[in-house]
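Participant: With the sequence up front, the predicted model follows.
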Amino acid sequence: MGNKRRRERNVNPQPFLATEESMAVSRNRSRPPKRHQEHEQMILNKLSDKILKEAFKQQKEIVDEQNDELNVDGIRFYAVQVSASRDNSENIDDFAGFSETRSQFDDYEDQINEEDEKLLEAFLSKDVGPQPTLGDVIAARIKEQDINMSSARPTPKLDSSVIEHYKAMGKLLSTYTSGKLPKGFKHIPAMSCWEEVLYLTEPEKWSPAAVYQATRIFASNMNSKRAERFYKLVLLPRVREDIRKHKRLHFELFQTLKKALYKPAAFNKGILFPLFKSGNCNLREAVIVGSVVQKMSIPRDHSSVALLRLAEMDYCGTTSYIIKLFIDKKHALPHRVLDALVTHFMRFLDDSRVMPVIWHQTLLAFVQRYRHDLRKEDKDNLNQLMQKQRHYLVTPEILRELNLSRNRGEKDHDNMLMSSVSVINKTVEEDRFDIPEVPMEEDD
C-alpha cells in the first residue's frame, strides 16, 4: 500500500492544481470568440476586391472634384469619403422596411416654437417661386426641343419599350414598402440620359420607402455631380412638400436625408445651399434639416465650405440656426471662414430690424468658440455692433468673451511668464520681532 501511494504522488504530486488547470482549459475551449475577433472575421469576408476598387474609384472622384471646386483662399479642401465605401458594402436587396413599432418622428419637434416661427417669417422673401423639380426641368428641356409640344407632362424621345417599362416601374414605386427593387431601376445611375429615364417613373409619386431606396442606390453608384442633381431636383422638393403638408417629416424621409449625407459635397450643394438660398426656408424646415446635420458626422473641410457659403448668402432668419449648428461642431476653421463670418454679422450694423434671439445666440457661440482666432479690428467692429444690436441677456456675455480673450497671433503665456518671474525673483522679507510664542514647561 505504501509503494502504491508513492507511485500516485510521483505521477500527480499536486492533484488539485492539475484539476484546476484542466478546468481552465475546458472553459477557454468552450468560451465564445470575442466581439473584436468576430468583427475582424466579418470584415475579411465582406471586403472583396470589387468593393475595394469601387471605394477607391469613388474616393478619387470626390478628391478630384474638391480640388477643382473647394479651393478657398489657398487652402486645399479635400474629402476622405470613408462612408461611401461603407455604404457600398450594403446589399441593396436586403432592405426589409422600417419597424412599424418605431417612432415615426424625431426629437426635432421639441425645438420648434410657434412664436419664434412667426418672428422669423418677417425675414423670409415673399416673391420666391416654388422649388424646381426634376419634372419641371425635363419638361422645359423637351419643350425647348419641340416647340409644338403642348402636353402638361411631355414624354421624352426614347424607345417606346423603354418608356412603357419605366412608366410601369413608376406605378410599382408608388406603392413600394420593402423588398427587392426592379433590376432596371438599378441601371439608371449608369445611363447617360438618367434624368429623362428617372422622369418617366414620376418621382413625385414615389412612396417614402422608394425614395429611401433610390437615395441608397444613387448615393452609392453616382458621382458627386449626379448625386447633387438628384438631391436638388428629387429629394429636396419631396422633403419640403412633405413638411408643408404634414408639419413634420416622415420618418423614412428623415432617414433618407441621413443617407444622403454620406456624400457631403452633394448634400451641401444639392440640399443645404438651395434650401437656404431660396429665401423662404421656414423654421420647421431649418430645424429638421439641421437635426440631420447635428446628428451626423461631417468632415471639417465640408463644414468650412458650408459656413463660408452660408455666411455669404442673403439672410433669411433661419440661416443663423444652421450656422450655429456648424459652429457647435467645433472644427478648426480656416481664417478665411472666420473673416467671412465676422463680415456676415457686421452686415446688420445699420439694420433697423430687431434681430431674433437665434441671431444673438449664434454670435455668442461664434465668439465663445473662436474668440482667440479673431483680429483686434474684428473685435472692435463687433463691440461697435453690440452697441446697435443688443439683447439684455446675450449681449453682456458676448462683450465679456471679446474683452477677456487674446487676439489672433498673440501668445497666451507672455503675461503669465512675466508674473511668475517677478514672484520668483522677489526677495524674502522677514520681521525679526515677529517671533511666535514658544510654550515653556513650568517649574515645579
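Facilitator: Received the coordinates, thanks.
Participant: Pull out the buried positions in stretch 392-403.
Facilitator: The neighbour-count criterion (16 or more other CB atoms under 10 Å) identifies Val394, Thr395, Glu397, Ile398, Leu399, Glu401, Leu402 as the buried residues of stretch 392-403. Using the backbone N, CA and C atoms, a C-beta is placed for each residue, glycine as well.
Participant: Tell me the spatial nearest neighbour of the first one, not counting adjacent residues.
Facilitator: What it means is Val394. When the adjacent residues along the chain are set aside, Val394 lies closest to His360, with 4.1 Å between them (CB to CB, 6 or more residues apart in numbering).
Participant: how many neighbours does the one you found have?
Facilitator: The local packing count at His360 equals 20, with neighbours defined by other CB atoms under 10 Å.
Participant: Counting neighbours, what do you get for Phe326?
Facilitator: Around Phe326 sit 25 other residues, with neighbours defined as other CB under 10 Å.
Participant: and it, that one's in a strand?
Facilitator: No: with the criterion set as DSSP: H, G, I helix; E, B strand; the rest coil, the secondary structure at Phe326 is helix rather than a strand.
Participant: Distance-wise, check it relative to Pro264.
Facilitator: Distance, Phe326 to Pro264, by CB to CB, to the nearest Å: 12 Å.
Participant: returning to that earlier point: which pLDDT value does the model give the residue nearest to Val394?
Facilitator: According to the prediction, His360 has pLDDT 94.
Participant: Using the three-state scheme, assign Ser192.
Facilitator: Of the three states, Ser192 takes coil according to three-state DSSP.
Participant: tell me the contacts of it?
Facilitator: With CB atoms under 8 Å, 6 or more residues apart in numbering as the criterion, no residue contacts Ser192.
Participant: quick one, phi psi at it?
Facilitator: Its backbone dihedrals place Ser192 at phi -70, psi -30, with angles given as degrees, to the nearest 10.
Participant: how many other residues sit next to Asp328?
Facilitator: Look at Asp328: counted by other CB under 10 Å, it has 13 neighbours.
Participant: residues in contact with it?
Facilitator: By CB under 8 Å, 6+ apart, the contact list for Asp328 reads Gln294, Ala365, Arg369.
Participant: Would you work out how far apart the start and end of stretch 168-186 are?
Facilitator: Terminal residues of stretch 168-186 are spaced 15 Å apart (CA to CA, to the nearest Å).
Participant: So which bits of that stretch are buried?
Facilitator: Of the residues in stretch 168-186, those scored as buried under the neighbour-count criterion (16+ other CB under 10 Å) are Met169, Gly170, Leu173, Tyr176, Leu181, Phe185, Lys186.
Participant: could the residues you listed go into JSON lines alongside distance to Lys330?
Facilitator: Shown next, in JSON lines, are the buried residues of stretch 168-186 (distance: CB to CB, whole Å):
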{"residue": "Met169", "distance to Lys330": "45"}
{"residue": "Gly170", "distance to Lys330": "45"}
{"residue": "Leu173", "distance to Lys330": "41"}
{"residue": "Tyr176", "distance to Lys330": "40"}
{"residue": "Leu181", "distance to Lys330": "40"}
{"residue": "Phe185", "distance to Lys330": "41"}
{"residue": "Lys186", "distance to Lys330": "40"}
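Participant: Which positions in the helix or strand harbouring Val305 come out as buried?
Facilitator: The secondary structure element spanning Val305 is helix 300-312 (assigned by DSSP states H and E). Within helix 300-312, the residues that qualify as buried by neighbour count (16+ other CB under 10 Å) are Asp301, His302, Ser303, Ser304, Val305, Ala306, Leu307, Leu308, Arg309, Leu310, Ala311.
Participant: wait, what's in contact with the closest residue in space to Asn268 that isn't next to it in sequence?
Facilitator: Ranked by CB to CB, 6+ apart and with sequence neighbours excluded, the top spatial neighbour of Asn268 is Ala306, at 5.2 Å. Under the criterion of CB under 8 Å, 6+ apart, the contact list for Ala306 reads Asn268, Leu272, Phe273, Ile298, Phe326.
Participant: Which pLDDT does the model give the closest residue to the third one other than its chain neighbours?
Facilitator: Pointing back at Phe273 there. Nearest-residue entry for Phe273: Arg309, 5.8 Å, with adjacent residues in sequence omitted and distances by CB to CB, 6+ apart. Among the per-residue scores, Arg309 holds a pLDDT of 95.
Participant: Convert the C-alpha atoms of the host helix or strand of Ile398 to PDB, please.
Facilitator: Assigned by DSSP H and E, Ile398 belongs to helix 394-403. Output for helix 394-403, consisting of C-alpha atoms alone and laid out as PDB, is shown next (Å, rounded to 0.1, in the frame of the first residue of the first chain):
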ATOM      1  CA  VAL A 394     -26.800  87.600 -24.500                       C
ATOM      2  CA  THR A 395     -25.000  90.800 -25.300                       C
ATOM      3  CA  PRO A 396     -23.200  91.100 -22.000                       C
ATOM      4  CA  GLU A 397     -21.800  87.600 -22.400                       C
ATOM      5  CA  ILE A 398     -20.600  88.400 -25.900                       C
ATOM      6  CA  LEU A 399     -18.800  91.500 -24.700                       C
ATOM      7  CA  ARG A 400     -17.200  89.700 -21.800                       C
ATOM      8  CA  GLU A 401     -15.800  87.000 -24.200                       C
ATOM      9  CA  LEU A 402     -14.400  89.600 -26.600                       C
ATOM     10  CA  ASN A 403     -12.700  91.700 -23.900                       C
END
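Participant: wait, isn't Met355 in contact with Gln389?
Facilitator: Yes: contact criterion CB atoms under 8 Å: Met355 and Gln389 qualify, at 5.3 Å.
Participant: in this protein, which helix or strand is least confident?
Facilitator: The element with the least model confidence among the helices and strands of the chain, by mean pLDDT, DSSP states H and E, is strand 75-76, at a mean of 32.
Participant: For this structure, just list every one of the strands.
Facilitator: According to DSSP state E, the chain carries its strands in the segments 71-72, 75-76.
Participant: now the stretch 301-444 of the chain, which segments are flagged as low pLDDT?
Facilitator: In the prediction, the stretch 301-444 of the chain carries residues with pLDDT under 70 at positions 412-444.
Participant: Actually, the stretch 151-300 of the chain.
Facilitator: Under the criterion of pLDDT under 70, the regions of the stretch 151-300 of the chain flagged as low confidence span 151-152.
Participant: isn't Ala139 right next to Pro156, touching?
Facilitator: No: at 9.7 Å, Ala139 does not count as touching Pro156 under the criterion of CB under 8 Å.
Participant: before we move on, back to that, from the buried residues of helix 300-312, pick the one nearest Met222.
Facilitator: Out of those, the one with the shortest distance to Met222 is His302. That distance is 17.5 Å, counting by CB to CB.
Participant: what separates the closest one from Pro154, distance-wise?
Facilitator: From His302 over to Pro154 the distance is 37 Å, taken as CB to CB.
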